[in-house]
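S.K.: Pasting the sequence and the predicted model now:
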Amino acid sequence: MDLSGEMKREMYWTMLLARRLDERAWVLHRQGKIAFHISGIGHEAAQVGAAFALRRGHDWVTPYYRDLALMLSLGYTPRDFILSLMGKREEPNSGGRQMPSHWSLKSANAVSHSAPVATQAPHASGIGLGIKMRGEDKVVLTTIGEGSTSQGEWYEAVNWAAVHKLPVIFMVQNNQYAISVRVEKQMAVKSSADKACGLGLAGVTADGTNVFEMWKTVSEAAERARSGEGPTVVEARMYRITPHSSDDDDRTYRTREEVEEHKRQDPLLVARTALEKDGLTTQEHDEMEARAKQMVDDAVQYAEKAPYPSVEEGTYPVYAEEVRNG
Amino acid sequence: MAEITMIEAIRQAMDEELARDERVFVMGEDVGVRGGVFRATVGLHEKYGEARVLDTPLAELSIVGVGIGAALYGMRPICEIQFADFIYPAFNQIVSEAAKMCYRTNGEWTVPMVIRAPYGGGIGGGLYHSQSVEAFFTHVPGLKVVIPSSPYDAKGLLKSAVRDPNPVMFFEPKKGYRLIRGEVPEGEYTVPIGPANVTRPGSDLTVFAYGMMHYYALQAAEKVAAEGIDAEVVDLRTLYPVDKATVLESVKKTGKALVVHEDNLTGGYGAEIAAILAEHAFTDLDAPVRRLAGPDVPAVPFSHPLQDWFMVSADKIAQAMRELAKY
Amino acid sequence: MAVQVIMPQLGESVVEGTVTRWMKKEGETVEEMESLLEVETDKVTTEVPSTGSGTILKILVPEGTTVKAGTVLAYIGEPGEAVPEGGAPAQSHAHAAAQPAEEARISAEPTATVDQPATPAQDTARPASSAPAQPQVDRSRDLGFISPVVARLAKDKNVDLYQVKGTGEGGRITKKDVLAYLEKGSGQPAAAQPEPAAWETPGEGDLFRPTELMFGGKGPAMPQGAPSSQSAVPFNPPEPGPGAQPRQQPAAPTPAPAPSDRVLPHTTVRRAIAEHMLHSKHTSPHVTTVMEADLSKIVAHRAANKAAFAESGANLTFTPYFVAAAVAALRSVPLVNSSWSDEGVVLHGAINIGMATSLGEEGLIVPVIKGADGLSLLGLARAVNDLANRARARRLQPDEVRGGTFTITNHGISGSLFATPIINQPQCGILGVGAIQKRAVVINDAIAIRPMAYLSLTFDHRILDGSSADGFLQKVVETLENWA
């Protein structure tokens, strides 16, 4: 199983677009144009690698809030993202009801999630249960931060999937911090993948800064799931390069030196270096950058002009009977 | 028509829905081989197999959380929480996930599922096998909260709940499981979620109740009828969304309202009915709205004298009706 | 045509009476004015004189029966003369007479009784606005709590709630009461009222108000052993005075009885006292001022004259002195001899002094010394003796408990030093007389022992201010201290 050069460039492009969008979100926040941003910078390799390991549109995903690059891989657009940052009517997650980065994209089988962490994990097991009951060959990818694996909700979901051998991939994006709390205060094991041992399922740790390694690891997990061997916990190790969110100041709990040190392992640099070895030219890269900037600019311009939801739209749909189309 | 118990009516409803729709499945603790600790699923495991009548890990949170996932995937789960008292670990999944899914996705995702839970005291169950938990959920838009009080309604409402495209909390008065018997027709019927039921028309006052308390309210109404008090009894059946029209219509007629529930008084469901009447029927009221409810202690105590003290009974309802009638 | 004998109205607050004894049987003859029967009410027991001469054709109300005022009790006529079936309404002229206009009542004594035909002069004296054939309604009655639905029905259906009988807790008017009232067809505007029932001889005020409307009670049957009244506050028939306004009272919370508690049922008198006291307290802003009087001269005068008075058939007590002193003060400060009305303060021409008289456990009653300003000390002593004796014997005539313009309560009799009595509506004030005690007082810088008494004036602050009230009380003190 190998990736074509074209596919590798596509993966890198997605990572680059996610990065530029994320950076623009910080700018928009500092400009006062948006109220909140929660960043995925440093997570791009794990997310894109995992997404590209799925049969996108066929398999299912229950994501979490740092998954911008994952969502872009599944078909989410820059316009969708900026619209959601601005709470505009057209944004696909919720029509302006949810905070930004609370993803939902039904066309991509990406399920809505909430803010209390780990709640999406049991949903993944439930979807896996449905897949198993129907005898289908789909898999479910659910993502989560390493801090959230402390939640009983996550353990229950993993346990369920293990007991019933459900086709679920529990991908943990271990970026070393749960806001300000370091991973050592979340778990006594070296990797959340080690937790799988006690629950009777496969556990794998991978370099989350290497998109191609991530693709390989998750592909293997998906294969296990599809073949009825059950779920896998995949821990992707990376570093959260930005503060937790636009409301956070990471200088209060970590040094600049530590951050700078980890920037050398920036997943974009890792992927670009690999691609350059495969022949990616500076000119080609500049074209990618120009295209990304143009898409981000377009998205911002579009979103700024887009309408907010009307107040009346806030009244529905509380129940399925109240759903309106358009 | 056959006269059956409430638990049998509930079992029949699940049986028929499992047969009707292959997306429907039942899951919970001990629902499989054992047929449920209250025997609500007896025979279903044999009939539909363990894939559709599922013994789950002993973890309420994920019974509901996994149910939500399955519902999102297009299944129609019926999740059993063994006792309503054990539902709190699943509270986050019910309130934050199931209830909000439709709204938070502008209708892209919906959660068609039923959460069944036996509730209520008077069965010697002490603090943790007797609780009434409905008020926690009648505060939550996105949920439907249903409590039947007769075998007929239990079956018809549960079938409606299974077919409903939303999460439905279906609380069953466990004391009435075998105590309450009633006629249930052969064959297919449903009772719609939403409308309350005027089970005894009257002119002097209205008693609003549900579940076990409705059963007692009817008994109390007969008792005071002999004393010349003509009480109307309304079985609310669907607590959320509540049938405001029937509530208001009844009080418009009688001018007096007594709300009865077994749950603690303060912040209980009766407060909502009282508030509806105060807001929308003020000029129809001939007396302050009265509430008769369990006392504000944490839950039903175990020892029999203490349990009897806690529980609202037909006698206590009758006395409250007399006082209201006299006003 | 046969003459009706009807149940008289025996006091304004009294709406019914019990026939205790027929002195004649059917078929016997009776002379007009001859005592025909004995009637007992919660206020007075009296003989009823015959309204005509002739044969008693029919006795409609047997002994022991309680009926509303105005109910036909018997017919008198020629032997063999036909009588109407059952208890027909009293004759229409009686209706008219018993319906004086509000204004007419302010200064005039309500002397009309039901069996007194109206004279043309009385008719013309009535203002034209007083539409005939309308039952008058007591608007001073406390309607109790009006529930939202009752308020709405009353407004929507134009129901005068004063005409609706309340059957709810504490006599509250319930929704059902209003609906029942409407069903009877009484929801029309007042002008379209149906003919009143037999007992409803049109009148006004408490006179023709059913007891249960007044008291929310079961009726007139009086259990024995009514609670004793330690209070020296007076009770008189509540006259619907010119200032009386309907008012709402918040429903008092019913105390939850403890297992060891027991309920003493209210007697009619108790209820009447309760209502009157409440009414007064809600009507007048009460203020009490207290002064002290040296009664040396009164004590000496009484000692010197007691025997002489006894020879004249009068038992000289201290009360006539206080009445005399009050009369003198009322003359000096006429504003105290008054009643409040919305149009103005009504100054009463006559000085009629009510005299609170204890009936022991049964309550108290306030016979009135009419024209007290025309009586000497001897006359006052006789009046006091006579009224007090007959009050205790329950032999007062209805008129004798009405029409007071000022009241004295001698609470000192039971040892009370001073008190703050409740005004007897619609009067302006009440004089409280405390116990006479020998006390050390300073006179010209020397300590002397003198018989002293505290005198209190409780007055309606709407009418009087402190200075005029004190002026009045000072005049009482001066009169007593300078008695000659």
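M.R.: Everything's here; your move. In this text the structure is predicted, and so the values were computed from the model without any measurement. Numbers count the residues shown, from 1 in each chain, chains lettered A, B, ... in the order given.
S.K.: interface residues of chain B facing chain C?
M.R.: Selection of chain B residues close to chain C by CB under 8 Å from any CB of the partner chain yields B:Asp204, B:Gly255, B:Phe282, B:Thr283, B:Asp284, B:Leu285, B:Asp286, B:Ala287, B:Lys326, B:Tyr327. Just so you know, the C-beta spots here come from the backbone N, C-alpha and C atoms, and that holds for glycine as well.
S.K.: Can you show me the helices along the chain?
M.R.: All of this is about chain A. Using DSSP state H, the helices assigned to chain A run over residues A:5-30, A:44-52, A:68-74, A:78-85, A:120-134, A:152-163, A:195-199, A:211-226, A:256-263, A:267-277, A:282-305.
S.K.: if you could check chain B rather than the one you did, that'd help
M.R.: Under DSSP H, chain B gives helices at B:6-20, B:44-48, B:60-72, B:91, B:101-104, B:134-137, B:151-163, B:176-179, B:211-225, B:244-254, B:269-280, B:304-310, B:314-326.
S.K.: looking at those helices, which is buried most?
M.R.: helix B:60-72 (a mean of 30; mean count of other CB atoms under 10 Å in any protein chain shown).
S.K.: Let me know the secondary structure of C:Val67.
M.R.: Using DSSP: H, G, I helix; E, B strand; the rest coil, the structure places C:Val67 in strand.
S.K.: my guess is it contacts C:Gln9, does it?
M.R.: No: in this structure, C:Val67 is not within contact of C:Gln9 by CB atoms under 8 Å, at 12.0 Å.
S.K.: how about the residue in the stretch 101-250 of chain A that chain C sits nearest to, what does it touch?
M.R.: Of all residues in the stretch 101-250 of chain A, A:Ser114 sits closest to chain C, at 43.6 Å by CB to the nearest CB. Residues counted as contacts of A:Ser114 (CB atoms under 8 Å, 6 or more residues apart in numbering or on different chains) are A:His102, A:Gln120, B:Ser96, B:Glu97, B:Lys100, B:Arg104.
S.K.: Ramachandran coordinates for it?
M.R.: With angles defined as degrees, to the nearest 10, A:Ser114 sits at phi -110, psi -170.
S.K.: same deal with A:Phe36?
M.R.: phi -160, psi 140.
S.K.: likewise A:Tyr65?
M.R.: According to degrees, to the nearest 10, A:Tyr65 has phi -70, psi -10.
S.K.: Now do it against chain C, distance only.
M.R.: 51 Å (CB to the nearest CB, to the nearest Å).
S.K.: what's the spacing between the nearest residue to that residue once chain neighbours are set aside and C:Ala324?
M.R.: In this structure, A:Tyr65 finds its nearest non-sequential neighbour in A:Ser101, 4.5 Å apart by CB to CB, 6 or more residues apart in numbering or on different chains. Distance, A:Ser101 to C:Ala324, using CB to CB, to the nearest Å: 99 Å.
S.K.: neighbours around residue 170, how many?
M.R.: Just going to use chain A. A:Phe170: 30 surrounding residues under other CB atoms under 10 Å in any protein chain shown.
S.K.: oops, chain C please
M.R.: Applying other CB under 10 Å, I find that C:Gly170 has 14 neighbouring residues.
S.K.: ditto for C:Lys58
M.R.: C:Lys58, neighbours per other CB under 10 Å, totals 22.
S.K.: ok, longest strand in chain C?
M.R.: strand C:446-460 (DSSP state E).
S.K.: Tell me which residues of it come out buried.
M.R.: C:Arg450, C:Pro451, C:Met452, C:Ala453, C:Tyr454, C:Leu455, C:Ser456, C:Leu457, C:Thr458, C:Phe459, C:Asp460 (16 or more other CB atoms under 10 Å in any protein chain shown).
S.K.: Quick check: the last one touching C:Trp340?
M.R.: Yes: between C:Asp460 and C:Trp340 there is a contact under CB under 8 Å: 6.1 Å.
S.K.: For the stretch 151-300 of chain C, just list every one of the strands.
M.R.: Counting by DSSP state E, counting those that start in this stretch, the stretch 151-300 of chain C has strands at residues C:286-294.
S.K.: where in it is pLDDT low?
M.R.: C:186-257 (pLDDT under 70).
S.K.: ok, the closest residue to chain A within it to chain B distance?
M.R.: Across the stretch 151-300 of chain C, no residue is closer to chain A than C:Arg152, which sits at 31.6 Å (CB to the nearest CB). In this view, C:Arg152 and chain B are 4 Å apart by CB to the nearest CB.
S.K.: got a list of what that residue touches?
M.R.: Per CB under 8 Å, 6+ apart, neighbours of C:Arg152: B:Thr283, B:Asp284.
S.K.: For B:Tyr269, give me the pLDDT.
M.R.: Looking at B:Tyr269, its pLDDT is 97.
S.K.: ok, back up a step: mind putting the helices of chain A into JSON lines with mean pLDDT?
M.R.: Shown next, in JSON lines, are those (pLDDT from 0 to 100):
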{"stretch": "helix A:5-30", "mean pLDDT": "96"}
{"stretch": "helix A:44-52", "mean pLDDT": "98"}
{"stretch": "helix A:68-74", "mean pLDDT": "98"}
{"stretch": "helix A:78-85", "mean pLDDT": "98"}
{"stretch": "helix A:120-134", "mean pLDDT": "98"}
{"stretch": "helix A:152-163", "mean pLDDT": "97"}
{"stretch": "helix A:195-199", "mean pLDDT": "94"}
{"stretch": "helix A:211-226", "mean pLDDT": "98"}
{"stretch": "helix A:256-263", "mean pLDDT": "95"}
{"stretch": "helix A:267-277", "mean pLDDT": "97"}
{"stretch": "helix A:282-305", "mean pLDDT": "97"}
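S.K.: out of those, which comes closest to C:Asn424?
M.R.: helix A:152-163 (78.9 Å; CB to CB).
S.K.: neighbours around C:Trp483, how many?
M.R.: Taking other CB under 10 Å as the neighbour definition, C:Trp483 ends up with a count of 18.
S.K.: Quick check: phi and psi at C:Pro285.
M.R.: Backbone torsions for C:Pro285, taken as degrees, to the nearest 10, come to phi -70, psi 110.
S.K.: ok so C:Lys438 is a strand residue?
M.R.: Yes: judged by three-state DSSP, C:Lys438 forms part of a strand.
S.K.: Now do the contacts for residue 98.
M.R.: Answering for chain A, as no chain was given. Per CB under 8 Å, 6+ apart, neighbours of A:Gln98: A:Ser84, A:Ser104, A:Ser112, B:Arg104.
S.K.: please go with chain B instead
M.R.: If you count contacts by CB under 8 Å, 6+ apart, then B:Ala98 has B:Val64, B:Ile68, B:Ala71, B:Val111, B:Met113, B:Gly142, B:Leu143, B:Pro167 around it.
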